[in-house]
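Engineer: need a 3D model of the sequence below.
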Amino acid sequence: MRKMPMVTGILMFAVVPSLAWAETRAGEDGRAPREDDRGAGEDARAPGEAMARPHGLLKVLADELVYSMEHLAGPDGTKPYYLAYTVTESERLSLSAGYGAIESDDDTRRRQLDVDLRVGDYSLDNTHQLRDGSGGNFVGGVTAIGLDDHAGSIRHDIWLATDEAFKSALKRYARVLTDVKVKVEEEDKSDDFTRESPSVYFEPAQRLQLDRSAWRDRLRRVSSIAREFPLVYDSSVGLGVDVTLRLMVTSEGTQLQTSSKRCRLFLRASTKAEDGMDLGQTHIFDAASEDRLPSEAEIEAAMRKVIDQTLALRAAPLVDPYTGPAILRNRASGVFFHEIFGHRIEGHRQKDVSEGQTFTKKVGKEVLPAFLSVFDDPTLARSGEIDLAGHYLHDDEGVAARRVPIIEDGILKTFLLSRSPVTGFTASNGHGRRQPGAAVVSRQGNLIVESKRTVSFDELRKLMLDECAQQGKPYGLIFDDITGGFTTTRTSGPQAFKVLPIIVYRAYADGRADELVRGVDIVGTPLSCFEKIVATGDDVDVFNGMCGAESGWVPVSAVSPSILVSQIEIEKRERAQSRPPILPPPIAVAQTPDGQTDTATPE
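Structural biologist: Numbering: from 1, shown residues only. As a prediction, this is how the structure comes out:
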């Protein structure tokens, strides 16, 4: 899902804890101990669970962290009170094919180091928001480090990155102290960093296990289907497999080794209408491992559906701006809640003075209809048989993930929280997230909507048509699928959202058959939309995607039933002005049964 950039929030602490291997150094050859050189101590076991052996780099990180905490000091004696090192090792394999030919075949591997360093104390530190108009909160940086487990090289990278982070922290902390003195009193007086119990957890590193040759052949075969359809001007089939190993140590005692895998298979087709509008459809399969990817028969069926929908959109009528009753089908409803609700209950937005703070003072009040409840639970790996992209067990500040009941029977209970506390909430609930190189802020994981007022989809459609009759509307809209959306949450812009549907039907109150339409975007403001939710379906489904905000791109899931709203507003989508291609495509030339050449025309 794409998003307008919004702002940033961040972290902090003081004492050197007892870290495993803190007194151990690398061997004489300068190489980090291998993964099988040592086992985890008794403290490296989660209750009832056997831990994997820690990676050798954890020892290197722990050694350098202790050394930095003991010896690093500014000219005036200022020392860091909190320091965290996170190494993210990522390996990616990607294949794509178009019209029967492989277009790309790539693999990459890299290691990145994040240094999170704080000076000051838990109540006020260098990450505090500056209110001088120079930008949002502190933003981190990332350092590329060696792929070889060579301790000397890696120690050098850590040393240099720590020095830069410390100098930047000192400069910014001086600005923070000045800002606090010359600006008006802050409304949210909560600390800059929460105190959390350290986490110690090691899980085995996952490995790429893709049969590359077999998948190259499979992508060729499936992508060649597009050659049967001259009006499909562009089409591709692609597969990406990402394996991530995260190693983290902190001055509070956290030691983490986590590993994740994400497989994403995408099918895409696009065309251009005679009026210049670019049209397309995409289908994505997400899986947590290679063996959970779909069969070739399933992929082929999905590809043909993508092409059929793309060509149907080309022939569909253009829609004018409209307000009226609508149904957002499950996956579309999930995006709807992610955009207009989920971002507004991320904790750091409640204390940031540049944010609209839609729900900041609504805790304990009804903000959704009483039949709806919402929670976010990153610990869930699946919903039914569908793998959830937003699954993780520890967030990017090392805090254990947990189920967070945000809305109970329409009443707002809490926010999604990182280690940046807000008034009334002094502890993280495991939702601090980022991509490497960005500063952690509170983000969604698996946002799940539950309803006590459900009906079948057919009944939901009947309720929508009844609503059309009451309002004197000739039709209602059914948003069948959606590609994403974005929202603005800052005071410098409107508190609004836009959701980008791709498959939309007009359902007529007079009984005519539903009609596919195109050129529609959903727009609105959050509070008015929440008030118009009338009922929900019993057809829960999952939207998996990538969400971009101030802490970068992170995988997320939204799980929701279909919802009926009494009124929704749509506006015309931007339309390109160039005409379709002048000449017919080469694939329009085919052999007729009698062996003569037959040139198909675009129409």
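
Engineer: pLDDT of stretch 519-526, averaged?
Structural biologist: Average pLDDT, stretch 519-526: 80.

Engineer: and it, which residues are buried?
Structural biologist: The neighbour-count check on stretch 519-526 (16 or more other Cβ atoms under 10 Å) flags 519-524, 526 as buried. Glycine gets a C-beta too; all of them are placed from N, C-alpha and C.

Engineer: send the alpha carbons of that stretch over as CSV?
Structural biologist: Once non-C-alpha atoms are left out, stretch 519-526 reads as follows in CSV (Å, rounded to 0.1, in the frame of the first residue of the first chain):
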residue,chain,number,x,y,z
GLY,A,519,-12.2,5.5,-13.3
VAL,A,520,-13.2,5.6,-9.7
ASP,A,521,-11.3,6.7,-6.5
ILE,A,522,-12.9,6.7,-3.0
VAL,A,523,-12.3,9.9,-1.1
GLY,A,524,-13.4,11.2,2.3
THR,A,525,-12.7,12.1,5.9
PRO,A,526,-12.4,9.4,8.6
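
Engineer: would TSV of the buried residues of stretch 519-526 with secondary structure and distance to Gly545 be doable?
Structural biologist: Shown next, in TSV, are the buried residues of stretch 519-526 (DSSP: H, G, I helix; E, B strand; the rest coil; distance: Cβ to Cβ, whole Å):
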residue	secondary structure	distance to Gly545
Gly519	coil	23
Val520	strand	20
Asp521	strand	17
Ile522	strand	16
Val523	strand	20
Gly524	strand	20
Pro526	helix	19
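
Engineer: same list, those residues, but as JSON lines with distance to Arg216 please.
Structural biologist: Listed next are the buried residues of stretch 519-526 as JSON lines, based on distance: Cβ to Cβ, whole Å:
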{"residue": "Gly519", "distance to Arg216": "37"}
{"residue": "Val520", "distance to Arg216": "38"}
{"residue": "Asp521", "distance to Arg216": "37"}
{"residue": "Ile522", "distance to Arg216": "39"}
{"residue": "Val523", "distance to Arg216": "42"}
{"residue": "Gly524", "distance to Arg216": "45"}
{"residue": "Pro526", "distance to Arg216": "45"}
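
Engineer: ok, of these, which one's closest to Val534?
Structural biologist: Gly524 (15.5 Å; Cβ to Cβ).

Engineer: re earlier: Asp76: which of the buried residues of stretch 519-526 is nearest?
Structural biologist: Using Cβ to Cβ, the buried residues of stretch 519-526 come closest to Asp76 at Pro526, 46.8 Å.

Engineer: got a pLDDT number for Met4?
Structural biologist: At Met4, the pLDDT recorded in the model is 38.

Engineer: I should have written Asp125 there, sorry.
Structural biologist: 96.

Engineer: same deal with the one 5 residues further on?
Structural biologist: According to the prediction, Leu130 has pLDDT 89.

Engineer: so, low pLDDT: which residues of the stretch 1-150 of the chain?
Structural biologist: By pLDDT under 70, the low-scoring segments of the stretch 1-150 of the chain are 1-50, 132-140.

Engineer: quick one: Asn544 is in a strand?
Structural biologist: Yes: assessed by DSSP: H, G, I helix; E, B strand; the rest coil, Asn544 belongs to a strand.

Engineer: Val504 bridge partners, please.
Structural biologist: Phe479, Val517 (DSSP bridges).

Engineer: what is the neighbour count of it?
Structural biologist: 25 (other Cβ atoms under 10 Å).

Engineer: check contacts around it.
Structural biologist: Contacts for Val504 (Cβ atoms under 8 Å, 6 or more residues apart in numbering) come out as 319, 477-480, 516-518, 520.

Engineer: the same query, at a cut-off of 6 Å, please.
Structural biologist: By Cβ atoms under 6 Å, 6 or more residues apart in numbering, the contact list for Val504 reads 477, 479, 517, 520.

Engineer: which of those residues lies closest to His156?
Structural biologist: The closest of these to His156 turns out to be Phe479 (Cβ to Cβ; 54.0 Å).

Engineer: surely the closest one meets Ala332?
Structural biologist: Yes: the criterion here is Cβ atoms under 6 Å, and Phe479 meets it with Ala332 at 4.5 Å.

Engineer: settle it for me: which of those two has more neighbours?
Structural biologist: Ala332 (30 against 26).

Engineer: and the residue nearest to that one when sequence neighbours are not counted, what helix or strand is that in?
Structural biologist: Take Ala332 and drop its neighbours on the chain: the residue closest to it by Cβ to Cβ, 6 or more residues apart in numbering is Ile482, 4.1 Å away. Ile482 belongs to strand 475-487 when assigned by DSSP states H and E.

Engineer: ok, residues contacting that strand?
Structural biologist: By Cβ under 6 Å, 6+ apart, the residues outside strand 475-487 that reach it are 1-4, 324-329, 332, 335, 339, 343, 464, 468, 497-508.

Engineer: with stretch 402-410 instead?
Structural biologist: Residues outside stretch 402-410 that contact it (Cβ under 6 Å, 6+ apart) are 345, 366, 368-370, 372-377, 413, 429-430.

Engineer: narrow those to those that are buried.
Structural biologist: Buried members of the contacts of stretch 402-410, counted by 16+ other Cβ under 10 Å: 345, 368-369, 372-377, 413, 429-430.

Engineer: export those to CSV and tack on secondary structure, distance to Ser420 and pLDDT?
Structural biologist: Shown next, in CSV, are the buried ones among the contacts of stretch 402-410 (DSSP: H, G, I helix; E, B strand; the rest coil; distance: Cβ to Cβ, whole Å; pLDDT from 0 to 100):
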residue, secondary structure, distance to Ser420, pLDDT
Ile345, helix, 14, 93
Leu368, coil, 25, 94
Pro369, coil, 30, 94
Leu372, strand, 27, 97
Ser373, strand, 26, 98
Val374, strand, 21, 98
Phe375, strand, 21, 98
Asp376, strand, 17, 98
Asp377, coil, 21, 98
Lys413, coil, 19, 97
Asn429, coil, 12, 97
Gly430, coil, 13, 98
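
Engineer: for Arg382, name its beta-bridge partners.
Structural biologist: Asp387.

Engineer: for it, grab the count of nearby residues.
Structural biologist: 14.

Engineer: still on that earlier bit, okay, the buried ones among the contacts of stretch 402-410 in TSV with distance to Thr86 next?
Structural biologist: Shown next, in TSV, are the buried ones among the contacts of stretch 402-410 (distance: Cβ to Cβ, whole Å):
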residue	distance to Thr86
Ile345	26
Leu368	36
Pro369	41
Leu372	37
Ser373	34
Val374	30
Phe375	27
Asp376	23
Asp377	23
Lys413	31
Asn429	20
Gly430	16
